[in-house]
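>>> With the sequence up front, the predicted model follows.
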Amino acid sequence: MSTPIEDEINKEIAQHKILIYGKGTKTAPQCGFTVETMEFFNKFGYPYELINALPSPEKREALSKMTNWPTLPKVFINGQFYGDTDVLGPMEEKGELQPLLKAAFPDQAK
């Protein structure tokens, strides 16, 4: 049985093809790693959402339990958790990331 906060997280993940749980907002990021992750996704041109996890310790704790990933940011692509740019950068270099993005946005050929 999931908790209300886990239900909220699952709903947010389902609503956004690329979802970043980070520190701050798109207009006012509060962490260098969040900025780095936003810059990483900006170069691909696909829409993404950034949800500020800082105001909710309960949400941060639930996210860490759900992903087994202790730090922010946490990136989900098409409902799947991928870690952060430490994981995504090497995936991009190996050519593994672009097919995931194309699959998430089949109507937006890039």
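Yep, it's here.
>>> Every contact and neighbour count from this point should use C-alpha atoms.
Will do.
>>> Helix or strand for residue 58, just tell me which one.
Using DSSP states H and E, residue 58 sits within helix 57-67.
>>> what does that helix rub up against?
Outside helix 57-67, the residues within contact range by C-alpha atoms under 8 Å, 6 or more residues apart in numbering are 5, 6, 9, 53, 54, 69, 70, 71, 81.
>>> So which of those residues wins on neighbours?
residue 53 (21 neighbours; other C-alpha atoms under 10 Å).
>>> need the contact list for that residue.
Counting by C-alpha under 8 Å, 6+ apart, residue 53 makes contact with 21, 22, 23, 24, 59, 60.
>>> Also residue 75?
Residues in contact with residue 75 (C-alpha under 8 Å, 6+ apart) are 18, 19, 20, 21, 81, 82, 83, 84.
>>> so which strand or helix has it?
strand 74-77.
>>> quick revisit: which of the contacts of helix 57-67 sit farthest apart?
54 and 81 (18.9 Å; C-alpha to C-alpha).
>>> got the CA coordinates for the strand holding residue 75 in PDB?
Output of strand 74-77 as PDB, limited to C-alpha atoms (Å, rounded to 0.1, in the frame of the first residue of the first chain):
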ATOM      1  CA  LYS A  74      16.600  12.700  -9.400                       C
ATOM      2  CA  VAL A  75      15.700  12.400 -13.000                       C
ATOM      3  CA  PHE A  76      12.800  10.400 -14.500                       C
ATOM      4  CA  ILE A  77      12.400   9.800 -18.200                       C
END
